[in-house]
Structure formats: structure tokens, C-alpha cells
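Q: What follows is a predicted structure for the sequence shown.
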Amino acid sequence: MPVNVLSAAERSRRSHFPEDISESDLIQYFTLTSEDLKQVNRKRQPENRLGFSLQLCGLRYMGFCPEDLQQTPKAIVAFVSKQLGIEADVLSTYGQRHQTRSQHFQQVQTYLGFRTPKPIDLKRLSKWLVNRALEHDKPSLLFQIAAEKLFRDKFVRPGVTVLERMVSTVRNRAMKETHKRMKPLLTLPVRRFLNQLLEHEPQIHGIRFSWLRRPATSNSPKAITRAIDKIRFL
């Protein structure tokens, strides 16, 4: 199976702050509490206070923080900078030293109680995700489920590529597990029956499988009779 299970647009969307953020989310996740401000105000430079705040709010909101804070939507930057009483454009000078940004994020993690997942944590997540993949095979949904699980467990969500690889591997495992579980059920009579469903039958003017899948379109006597015929057949 391919590693890139998400489209380029989905990959980009899951790596950044949302462009259109609701007012309720903005207020709930980007309002700095008095405790938040104690952490923020330990930074001397205004750009560091703003950058630190965005990392704090990003982790609290999404379970990770985008790599490039310069692409943060203006509405978010304006909302946070106003609370700090500083100009929004100071963000342009934040993180010129990568070490500064990394140190700030470590402090944010400690403050919010998040941890960076270790290989053993990702292995456990992968095992847990296999059971979800047996129920839902859609890559984007599995990605979202994994991200939500990490968030609940207070783990920083790794990069998109890491989770994409996991989803790809998990889907492959789930497919093999499905085949394994189905094999004992596919006896010779069952296989013959399933094959017959794909053959054209003159009496119904089509393929039986398509006939079974066709939903009722009304509650007329004729439609009800067709539904009863399907129940009898099965």
C-alpha cells in the first residue's frame, strides 16, 4: 500500500492552523488565562512572548504546533497579540534561532502536561488502530482517530508523514486480519453462492448482487413486494 494515504491538500491542512477558525474555538483555546500569562511573561522580548503564546495555544487546540508560525492566520495572531498588548507584526522576528523555538515548545509541553511519544508509544497506538481499521478503512478517518487518541493521552502529535506511514501499515494489517477471519467462513457452498450472485439472471433482468443492493425508492405495494422478495431470497 502507498505511504502517502492523504492528498496534498489534506496533508497541508493537517500541518497548519485552520484558515477558518470559529469564534467559539478562538475564544476557548486562544484566550490566555492568568496562569498562561505567568508562563508567557517570563519571556523578555515581545516576539518571544507572542511566539510562546501561539505554541501554547496551538498545542492546547490541536495537540501539536505547526513548524512555521509565520503562516499562522491573521485572526489568531491578532487575537493573541491583543491580549499581550503587543503588535502582531513582531511575530516576523520570532524563532530566528531554532533552539529558542524548541526550548519554548519543551516548556509548553511541560506546562500543559504533554509528552513526546516514544517508539513504544507509537507501537501501542498502531496496535490499537488496527482494531479501528477493521471497522473503518478510510485513510483520512483513521488519521483523525489516531490524532484524537494521541490528544486524549496527552501525547504531542508527530508529523503528518509519521502518521501516514502508520495508517498505511495499519490498513495493510487490517486487510490481512480480515482475510484471516473470513477464510473459515468461506466454505465451498458459500463461495458458490457468492459467485452466483455475480452471474446474470434472466428472471430479474440483471445481476443478483446488484438487485440485492438496490434500495427501496418508495413505500408502494410494488416496492414492498420487492423488499419481501429479497428477504425471502436471503
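A: Received the coordinates, thanks. Residues are numbered from 1 along each chain as shown.
Q: for this protein, longest helix please?
A: helix 160-182 (DSSP state H).
Q: Go through it and flag the buried ones.
A: 160, 163-171, 173-174 (16 or more other C-beta atoms under 10 Å). Quick note: C-beta positions are derived from backbone N, CA and C, even for glycine.
Q: Just after it, pick out the following helix or strand.
A: Using DSSP states H and E, the helix or strand that follows helix 160-182 in sequence is helix 188-196.
Q: Which strands and helices lie in contact with that next one?
A: Judged by 3 or more C-beta pairs under 8 Å, 6 or more residues apart in numbering; DSSP states H and E, helix 188-196 is in contact with no other helix or strand.
Q: Show me the contact partners of that helix.
A: 186, 208 (C-beta atoms under 8 Å, 6 or more residues apart in numbering).
Q: after the helix or strand where Lys123 lies comes which helix or strand?
A: According to DSSP H and E, Lys123 maps onto helix 119-133. Downstream of helix 119-133, the next assigned helix or strand under DSSP H and E is helix 139-152.
Q: And for that following helix, what's in contact with it?
A: Around helix 139-152, the neighbours that count as contacts under C-beta under 8 Å, 6+ apart are 5-6, 10, 14, 62-63, 117, 125, 128-129, 132-133, 136, 156-157, 163-164, 166-168, 170-171.
Q: and what of stretch 68-86?
A: With contact meaning C-beta under 8 Å, 6+ apart, stretch 68-86 is reached by 16-19, 21, 26, 30-32, 40, 46, 49-51, 53-55, 57, 66, 87-88, 90-92, 94-95, 101.
Q: filter these to the buried ones?
A: 16-17, 21, 26, 30, 32, 40, 46, 49-51, 53-55, 57, 88, 90-91, 94-95, 101.
Q: CA atoms only: put the longest helix of the chain into PDB for me.
A: Output of helix 160-182 as PDB, limited to C-alpha atoms (Å, rounded to 0.1, in the frame of the first residue of the first chain):
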ATOM      1  CA  VAL A 160       1.900  14.100   9.200                       C
ATOM      2  CA  THR A 161       4.300  11.700   7.400                       C
ATOM      3  CA  VAL A 162       4.800   9.600  10.600                       C
ATOM      4  CA  LEU A 163       1.000   9.100  11.000                       C
ATOM      5  CA  GLU A 164       0.600   8.500   7.300                       C
ATOM      6  CA  ARG A 165       3.100   5.600   7.400                       C
ATOM      7  CA  MET A 166       1.200   4.200  10.500                       C
ATOM      8  CA  VAL A 167      -2.200   4.400   8.700                       C
ATOM      9  CA  SER A 168      -0.800   2.700   5.600                       C
ATOM     10  CA  THR A 169       0.700  -0.100   7.700                       C
ATOM     11  CA  VAL A 170      -2.400  -0.500   9.900                       C
ATOM     12  CA  ARG A 171      -4.700  -0.700   6.800                       C
ATOM     13  CA  ASN A 172      -2.500  -3.500   5.400                       C
ATOM     14  CA  ARG A 173      -2.600  -5.400   8.700                       C
ATOM     15  CA  ALA A 174      -6.300  -4.900   8.900                       C
ATOM     16  CA  MET A 175      -6.800  -6.300   5.400                       C
ATOM     17  CA  LYS A 176      -4.700  -9.400   6.300                       C
ATOM     18  CA  GLU A 177      -6.700  -9.800   9.500                       C
ATOM     19  CA  THR A 178     -10.000  -9.500   7.700                       C
ATOM     20  CA  HIS A 179      -8.900 -12.200   5.200                       C
ATOM     21  CA  LYS A 180      -7.800 -14.400   8.100                       C
ATOM     22  CA  ARG A 181     -11.200 -14.000   9.900                       C
ATOM     23  CA  MET A 182     -13.200 -14.600   6.700                       C
END
